Structures are given as C-alpha cells and as structure tokens.
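# please find the sequence and the predicted model below.
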Amino acid sequence: MQDAFDFSVPEVTGKSASGPAAADRTAELRVLLDRYAHAYYVCDAPEVPDAEYDRLFRELESIESTHPELVIAASPTQRVGAKPLAAFESVSHLTPMLSINNAFTAEEVEAFDRRCRETLLLSDSAPPIAYACEPKFDGLAISLVYENGVFQQGATRGDGTTGENVTLNLRTIRSIPLHLTKEAPQGRFEVRGEVLIRRADFAQLNAAQEAAGEKTFANPRNAAAGSLRQLDSSITAQRPLTFFAYGIGEAAESRTTPDTQSGILDWLSSLGFRVAETRALVQGASGLLSYYEQMGMQRPSLAYDIDGVVYKVDQRELQARLGFVSRAPRFVIAHKFPAEEVLSRVVEIDVQIGRTGAVTPVARLEPVFVGGVTVTNATLHNFIEMARKDIRIGDTVIVRRAGDVIPEVVSALIDRRPLDAEGQALYPLMQCPALCPECASHIELPPDEAVARCTGGLVCPAQRKQALRHFASRRAMDIEGLGEKIVDQLVEAGLVHSPADLYTLTVPQLSVLDRFAEKSAENLVAAIQQSCHARLDRLIYALGIRNVGEQTAKDLARYLGSMDALVQADIATLMQVPDVGPVVADSIVSFFAESHNREVLTRMQAAGVHWQDLPTQVVEGPLVGKTIVLTGTLPHLSRDEAKALIEAAGAKVSGSVSAKTHWVVAGEAAGSKFEKAQSLGIEILDEAEFLKRLQL
C-alpha cells in the first residue's frame, strides 16, 4: 500500500516551542504524530507506546492553543484516527464517531467537572452532576447498524467520518447478535462499541501462532485489530474476538431510547448486547475519582485489558447542552491509568545472577515513570532474546510494566539508534560473558536451554544472596526484617554463607553493622529464632531447589512425609508424586547429590531448626486425583477454608484453569477463570454443590 504521508522523521528535540521556534516544532510534531497514527490505526503495528503518542499530542495541542495562527486543517488535533485501508469498502458514518479528550491527573478530572458545571450554569449550591462511569476498553471501536432489529452492516471508526466495511468479519463474532430482541427499535438503529480479545484467549492465540510457526501478536489490542481486518472472514472466525457495546449512534425511533447514558447501557444489555459489568453511576468529581481508584484495584483481575476509565454526563439532555468541540464531545472524558509502556534510553547493559545461577542481561535505563513507579532497570530476559530484539547501549527503547510484573524492554526504535559516519552502529550487541562477574566461575549455556547459568553455586555471592532472600521470604521461612539490604550486609561482612549460618547469628555480631542498633539486632535474632519451628512444605520450598515451587513443595511433603525420604528419593520414587515429572525429579536429585546442600540441613538441625514429619499417606477421599480451581467470593467459606477442605479430600488446588482442571468452584464476582472454564467446557460448581461433592 502506498503511504499517504511523508514519514521521514526529524529528530525529536523535546525543546519548548515558543516564538519563532513554534512553527518548526508544530511541523516536527505533525510528521511524528501522522507516522505513529498511521502505524497504529492503519498498519496495526504501533511504533511507540500510547503514553508517548499522548505526550506529543498534548504538546502540539498546547502550542496550537498558544499560537492559533498555526492551526491547519490537516493537523492531527483536527481529526480522529487515520484513513481507512484501501482494501475495504468505505462506509460514511451518518453521525461522526468522535474521539474523546484525556485526563491524566485528579486535578484534570476536577477541572472537567468544573467546566461542565460552569457551562450548564449550575450554582455552587446545586446538586452534583451525575456521571455514568465505564472502563475504557483497549480494543477497536466499531459501529453496528441494524434494520428492524436485523444486523445489516458493521464498520470501523476509521477517521471518525469514514470507516471500513468489515460486516462479514463482524458476523463471525458470537457476542454480536444478528437478531435483536423484540424491544429493539424499528427502522435504522446504530450501536457502538469495542471489539477486543480477552487476556486468556490472547495467550491461547499466541501459543497457537507460535506452535504453527507463525508470527505472534504484541498485545491483545493488536491481535483484535489485525483479526478484524482480515480480508478472509474465515480467518477472523478462528480468532477469539469479543464485543462490548458502550453507546448508540443513529436511531430512527429515538423516542424509544432511554434519556440517560446509564439507562442506555441497561437497555443495550436487554437487547442482547454485552456491556461492561463494572460500570457505575456516581455523583460529582469525588465520585469520579473514587470509581477510578476502584477500577485501578480491579484492573489486574479483569478478563480484558483496559487503559483507563470513561466518564460521561449521565443525562442526555445535559449532554446536548454541553455540546462538542471540533474533535470531541464536552460531556465525556477518559481518565487514563499511569502508562504501562513508555520510552527510555539504555544507558548500560550488565548481567544479574539469580539464585539458581541464571544469568540475566539487565538494561540500566534513564529513569522513567511507568505503571505507577519510577523504573531504572528492565530485564532483557536472556541473551538469545536480547539478540532477537537487537537491544544495544544507547538505544531508545519501549519499556513495559504491568501490575507487579518486573519491567521489561519490549523493543528498540532502530531509527533513533546513534550511527557513526560509516553507517554502522556505535555500540555492538552485547554477548554473554564467559565468566561470572560475581565469582569468576564459568558460565554455561546448555544446548537445550535459552538461559545461561553460572556454575559457581553457593560459592557465588550473587546466588548466595538470592538464595537467602528466597529462604527468608514470606511464603518460605517468613523471617520478618530480613530483607535485601540486610542480606547484602550479612553476606558482604562474611557472617552468612548459607541459610544455616542465619541460626548462629548473635546480637553483638549484628549490632556493629551499619543500620543496626542493639534493639534492631535483637528483633532480627528473635525473628530468625521464631522461624525454627518450620512446616515441612515451607522448608522444602525455602531450600530453593530449581523447578520446585510452592505447590510442588506441598505435594512432596504430603506424599513423601519427611525430609529424610525426600533427600534419599530417586527419580523413580519422585515421579510417583502427582505432577512431578522427569525435569523436576532430576532437579531434586541433583540438589541433594551436592554434599554442601545436605550439610546445610544438618547444620540447621544442630542450630535448633526442626520440622514435623508427616505420616506417609495414600490419600483417600472423594476428590483424589482431581485438580480444582477457586474463583470469586464464596458465601460461607473463606478461600483458605475451601482450599483446606479440597486438600484434605485428596485433591490439588490450582491457581489457573487448564484442560487438566476437573472443576471450578465459583462464587460472587468470579472473573476470567470462570470465563475460561466456560470456554473449555469445564464443570462449574457453586458452594452448595461443592460441599455436596465433598459429601459433607
């Protein structure tokens, strides 16, 4: 396809545009924004994070506001989206599909509420404005047109005035009704909403793409957009697309439509459309900010991606009075969450040694605020992945952080890489070091693995520190106060070489260290001594055996019954434990084959650490051999109580739904696990049926 724009990219100076510089800066910003919009909306291949586009867009808006003589019809601020693809028939929207303005701070939300009140001439004593609040879906906006309740045509938003006819593809989406209920208005009726892919479906889609040797998608939004723009609708039919309705456009029989936005969503739901369950009706700016906070907490557990929330004045009569600006309605604003993808620059690349010896390349970044925190380091995962992405020192890179996930470098902007006079990169691609930077032991890269490993074991200070941090963590031995900095001090002072050394520490030894007074030393010694009473499964997990997580540690404790049995077990014995395969069994045998690991246990016992062996058991009960997933809030049982009942009956509790799951026990506010169970045809039980199956 021939590009519609000249996409030669000027250098982004970041200077403040004022006076004579304003015209140059606006031209510079327009080229960049047109390029990024074309990549995002037309090619489905975004080059920069949304946050970077928003930053440049707001800068251009600011300059044009200060210098209105510079505003031109072709400016990105004067239109919505980008031109439709030439491969599809064009569709003109009878009512434009406008974009909406963004807010990024509480102050901007309060200013939005204040502008609405002032425009509506409401006094300070007047009641607060009622707002309909909805999640801001991260998908593709579309329009659906019905004639007398029958689906006739569907189109993308395109540039807001003209979109792409994707009717055949939309017909393949099962959440889009082809016939509406009898209550639907007669004549022409337009519904607007978002096509997206849920997170669980996206993971399965990418796994299938990878298995077929095809290109994987960068994120659910790209996958949804690419799927909807397939010229072959049979391909679209194979993609797990979902539709959420959020509003209406043209309606020939307008007298039948509710007079509020919240009423419209309820009405659309009654007509057979899926609408956001997490919507709310609130009062005033304080209600808006409260909803934003609630959605921020719920965001990680939602079945789909959202990048903010949308606030709409609820009364449609007030919406009409507030009206529109050139590209957006005045009665709507999107309150966006802190960016989860932003740009930064790689200052240095070095390696980090994990507790199992894994050698991870880490990018040291210019500080950048992403996902609610300031990030200075981001993982590059491994050297094979780093080479595939071609990440180098000096590169401008996209940094991603979602929830509590470790920040990662997604990709480099190659066109911004510094070049020398001969056109070669200034900085070579970093190679995996031959020797560990911590202990000078050899680094090995097994032929069947992507991760390089230091062979130093416990002689490597980095592995020692990581092993001690894991040993003391809350789900392991739970030693309060033994955090990263204290562990670093203890190792660097030569006081601790293995977990067993923790139990010989004294107050005088600790009180001479930095940040330690006698009281804090006493508290740490007391916390260490308190951990002497260990649960067998926690101790197994705390040892940091490669490939042995929490659940595997519980299974080992439960089926072998004692530490002695675990130490002496061979691969054949271990593989009799549920869900322990040859890889895990080999890791366990290799761990205890090292004399220094067995010595750690002996020294811990000598220092007073003790654990209770469990009776070896062939578990009997109504749920033997079953895997069960809990989701939502049960009416009478807490999560821990339900988990204890399941394990006592011989079953395993899993944190995720898969084809191996036997049942899902669902309570109120069940989320993505419930939906995945439905898609896989797994039996879903409520609390009453669950207890009945337990024969209680």
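Arrived safely, thanks for sending. Residues are numbered from 1 along each chain as shown.
# and the gap between the residue of the chain positioned farthest from its centre and residue 497?
Going by Cα atoms, centre = their mean, the residue of the chain most distant from its centre is residue 508, 45.8 Å out. Using Cβ to Cβ, to the nearest Å, we find residue 508 at a distance of 19 Å from residue 497. Where you see a C-beta, it was placed from the backbone N, CA and C, and this is true even at glycine.
# could you check how far residue 87 is from residue 173?
Distance from residue 87 to residue 173, counting by Cβ to Cβ: 20 Å.
# looking at these two, which is more packed in?
Between residue 87 and residue 173, counted using other Cβ atoms under 10 Å, the more crowded position is residue 173 (19 against 9).
# wait, what's in contact with that one?
Taking Cβ atoms under 8 Å, 6 or more residues apart in numbering, we find residue 173 in contact with 195, 236, 241, 242, 243.
# the same query, at a cut-off of 10 Å, please.
142, 154, 195, 227, 228, 236, 237, 239, 240, 241, 242, 243 (Cβ atoms under 10 Å, 6 or more residues apart in numbering).
# now do residue 94
So residue 94 contacts 143, 145, 188, 190, 249, 250 (Cβ under 10 Å, 6+ apart).
# how about the last one: what's its closest non-neighbour residue?
The shortest distance from residue 250 to any non-neighbouring residue, by Cβ to Cβ, 6 or more residues apart in numbering, is to residue 190 (4.4 Å).
# tell me the SS of the one you found?
Following DSSP: H, G, I helix; E, B strand; the rest coil, the label given to residue 190 is strand.
# now for the closest residue to residue 259 other than its chain neighbours, how many residues are close by?
Nearest in space to residue 259, with sequence neighbours left out and distances taken as Cβ to Cβ, 6+ apart, is residue 316 at 5.3 Å. Using other Cβ under 10 Å, residue 316 has 17 other residues around it.
# next one: residue 695
Neighbours around residue 695, by other Cβ under 10 Å: 9.
# report the secondary structure state of it.
Three-state call for residue 695 (three-state DSSP): coil.
# how close does the nearest residue to it once chain neighbours are set aside get to residue 645?
Leaving out its chain neighbours, the residue that sits closest to residue 695 by Cβ to Cβ, 6+ apart is residue 622, at 5.4 Å. In this view, residue 622 and residue 645 are 10 Å apart by Cβ to Cβ.
# which one's more surrounded, those two?
The neighbour count for residue 622 versus residue 645, taken as other Cβ under 10 Å, is higher for residue 645 (19 against 12).
# and the closest residue to residue 542 other than its chain neighbours, what helix or strand is that in?
Among residues not flanking residue 542 along the chain, residue 476 sits closest, at 3.6 Å (Cβ to Cβ, 6+ apart). According to DSSP states H and E, residue 476 maps onto no helix or strand at all.
# same deal with the one 3 residues further on?
Assignment of secondary structure by DSSP H and E places residue 479 within no helix or strand.
# who are the contact partners of it?
468, 471-473, 486, 499, 502, 524, 527-531, 542.
# one more pass at 6 Å, please.
Counting by Cβ atoms under 6 Å, 6 or more residues apart in numbering, residue 479 touches 472, 527, 528, 531.
# who wins for most neighbours among the residues you listed?
residue 472 (24 neighbours).
# list the contacts for that one?
Neighbour list for residue 472: 479, 482 [criterion: Cβ under 6 Å, 6+ apart].
# distance check, it against residue 544.
11 Å.
# then residue 245?
For residue 245, the distance to residue 544 (Cβ to Cβ) stands at 50 Å.
# between the two, tell me which one has more neighbours.
The residue with more neighbours, out of residue 245 and residue 544, is residue 245; 25 against 21, by other Cβ under 10 Å.
# quick check: that one touching residue 193?
Yes: because the distance of 4.0 Å satisfies Cβ atoms under 6 Å, residue 245 is recorded as touching residue 193.
# tell me where the stretch 201-350 of the chain has strands.
Under the criterion DSSP state E, counting those that start in this stretch, strands of the stretch 201-350 of the chain are mapped to 242-251, 280-283, 306-313, 332-336, 341-353.
# buried deepest among these, which one?
Most buried of these, by mean neighbour count (mean count of other Cβ atoms under 10 Å): strand 306-313, with a mean of 24.
# what angle do that strand and strand 341-353 make?
150 degrees (axes from the mean of the first three to the mean of the last three Cα atoms, to 10 degrees).
# other SSEs contacting strand 306-313?
Under the contact definition 3 or more Cβ pairs under 6 Å, 6 or more residues apart in numbering; DSSP states H and E, strand 306-313 sits against strand 130-137, helix 284-298, strand 332-336.
# got CSV for these, with mean pLDDT and distance to residue 95 too?
Below are these laid out as CSV (pLDDT from 0 to 100; distance: least, Cβ to Cβ, whole Å):
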stretch, mean pLDDT, distance to residue 95
strand 130-137, 96, 19
helix 284-298, 95, 26
strand 332-336, 95, 15
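# next, format the ones you listed as JSON lines and append distance to residue 687.
Output for those, formatted as JSON lines (distance: least, Cβ to Cβ, whole Å):
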{"stretch": "strand 130-137", "distance to residue 687": "28"}
{"stretch": "helix 284-298", "distance to residue 687": "22"}
{"stretch": "strand 332-336", "distance to residue 687": "36"}
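# which one of these lies nearest to residue 277?
Closest approach to residue 277 among the helices and strands packed on strand 306-313 (Cβ to Cβ): strand 130-137, 9.3 Å.
# next SSE downstream of the closest one?
Note on strand 130-137: by DSSP H and E, the next helix or strand toward the C-terminus is strand 140-147.
# for my notes, confirm residue 378 occurs in a helix.
No: under three-state DSSP, residue 378 falls outside any helix and is assigned strand.
# burial count for the residue nearest to it when sequence neighbours are not counted?
Closest residue in space to residue 378, ignoring its immediate chain neighbours: residue 407 at 4.2 Å, by Cβ to Cβ, 6+ apart. Close neighbours of residue 407, defined as other Cβ under 10 Å, add up to 24.
# so residue 407 touches residue 376, yeah?
No: counting by Cβ under 6 Å, residue 407 does not reach residue 376; the two are 9.1 Å apart.
# with adjacent residues omitted, what lies nearest to residue 671?
Of all residues not flanking residue 671 in the chain, residue 301 sits nearest, at 5.1 Å (Cβ to Cβ, 6+ apart).
# right, I mislabeled it, should have said residue 581
Once flanking residues are discounted, residue 581 sits nearest to residue 575: 6.8 Å by Cβ to Cβ, 6+ apart.
# that neighbour and residue 586 touch, don't they?
No: using Cβ under 6 Å, residue 575 is not in contact with residue 586, being 9.9 Å away.
# separation between the closest residue to residue 610 other than its chain neighbours and residue 511?
Leaving out its chain neighbours, the residue that sits closest to residue 610 by Cβ to Cβ, 6+ apart is residue 532, at 6.6 Å. Applying Cβ to Cβ, the value for residue 532 to residue 511 is 21 Å.
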